[in-house]
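**Q** here is a sequence with its predicted model. Questions after.
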Amino acid sequence: MPVTPKLFVTGASGQLGRLVIDTLLETAPASAIVAGMRDPAKAEGNALREQGVEVRAADYSRPETLASALAGVDRLLLISGSENGKRKPQHRNVIDAAKAAGVGLIAYTSILHADTSPLFLAEEHRDTEAALAEAGVPFVLLRNGWYTEVYTWRLPPALKHGVLMGAAGEGRISSAARADYARAAATVLAGGEHAGRTYELAGDASFTLAELVAVAAEASGKPIAYRNMAPEEFRSAAVQAGAPEMLARILSDTDAGVAKGALFDNGGELSRLIGRPTTPFQNTITGFVRNQQAAGEASAHA
């Protein structure tokens, strides 16, 4: 009788991690899945345990938790950490623990075209990719493009004031829904010959920020304009609007990179990997806008 491999998902309390586990549960027994998170006692951990998924403490910044967390694991999904500036040591801690535990494959969620990307966010991903190569453990790179959901939290001010500020010019963004990337990660983690592969994952279609604004305007029934700015001007405007300095830097640097093509890809690898077309950005944006409007109407009548 074949032995079912033990599949480990880090960052399982996060949005991507939870979606990956939900996708794995469609085809894999819950007993084969291990969810790693900083605090297994949180509500997210309890919910996973109720589904039969094993939950283990796995904190990127605490190597002592990683050795026991990865014991007996066959395939590992290393979801990149959320703490900018701390990812290099954190990811290396996980890779070292995986190597020591004899993990057979590490799948890592990197960034689109990490090797050539002008985004400053790409630096930590390049370091992790190098660490994987140095470790000598079989690995696969899932170089994810942007989630369309990244743009939904920039929309409420635009819907309120009728303008979306940015610095992306006419640069095109090949985004996909977070669930699309989760399905790709689950597909690779579940099995198949993926070791040594680098997947450049992006949406089937692309858009400019002006085109995104047009979709949001149509969905809301209100006029919204896209205001293009120089990157430094955009950064300053974001700070003045209340964004923390690091977030403002990320926004302006990303938009400047978009103008250079950093988030565009038309290779179609994501749709091939998941076996269906990627979710159109219009669906995500329109759904978000209409939900916002419904929530506002419900609040007004409360």
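**A** Alright, I've got the coordinates. Numbering: from 1, shown residues only.
**Q** and the nearest residue to S174 once chain neighbours are set aside, how close does it get to N144?
**A** In space, S174 comes closest to A202 once its chain neighbours are excluded; the distance is 3.8 Å by C-beta to C-beta, 6 or more residues apart in numbering. Heads up, the C-betas are built off the backbone N, CA and C, glycines and all. Applying C-beta to C-beta, to the nearest Å, the value for A202 to N144 is 8 Å.
**Q** shared neighbours, those two?
**A** L112 (C-beta atoms under 8 Å, 6 or more residues apart in numbering).
**Q** which parts of this protein are strands?
**A** Using DSSP state E, the strands of the chain run over 7-9, 33-37, 54-57, 75-78, 105-111, 139-144, 163-166, 198-201, 225-228.
**Q** ok, the shortest one: who's next to it in the sheet?
**A** Read it as strand 7-9. When pairing is defined by DSSP bridges, strand 7-9 lines up against strand 33-37 (parallel), strand 75-78 (parallel).
**Q** check the offset of that strand from the chain's centre.
**A** Computed by C-alpha atoms, centre = their mean, to the nearest Å, the chain-centroid distance of strand 7-9 equals 16 Å.
**Q** residues in contact with it?
**A** With C-beta under 8 Å, 6+ apart, strand 7-9 has contacts from 17, 20-21, 24, 28, 32-36, 69-70, 73-77, 79, 103, 189-190.
**Q** how about the fifth one?
**A** Outside strand 105-111, the residues that touch it by C-beta under 8 Å, 6+ apart are 16, 74-80, 91, 95, 98, 117, 119, 121-122, 125, 128-129, 132, 137-144, 181, 185, 188-189, 194-195.
**Q** now the end-to-end length of stretch 254-264.
**A** End-to-end span of stretch 254-264 (C-alpha to C-alpha, to the nearest Å): 12 Å.
**Q** same question for stretch 148-157.
**A** End residues of stretch 148-157 are separated by 17 Å (C-alpha to C-alpha).
**Q** show me which residues of it are buried.
**A** T148, E149, Y151, T152, R154, L155 (16 or more other C-beta atoms under 10 Å).
**Q** run a quick neighbour tally on the residue nearest to S174.
**A** 29 (other C-beta atoms under 10 Å).
**Q** any idea which of the strands paired with strand 7-9 gets closest to L159?
**A** Nearest of the strands paired with strand 7-9 to L159, taken as C-beta to C-beta: strand 33-37 at 33.6 Å.
**Q** that closest one - what's its average pLDDT?
**A** Average pLDDT, strand 33-37: 96.
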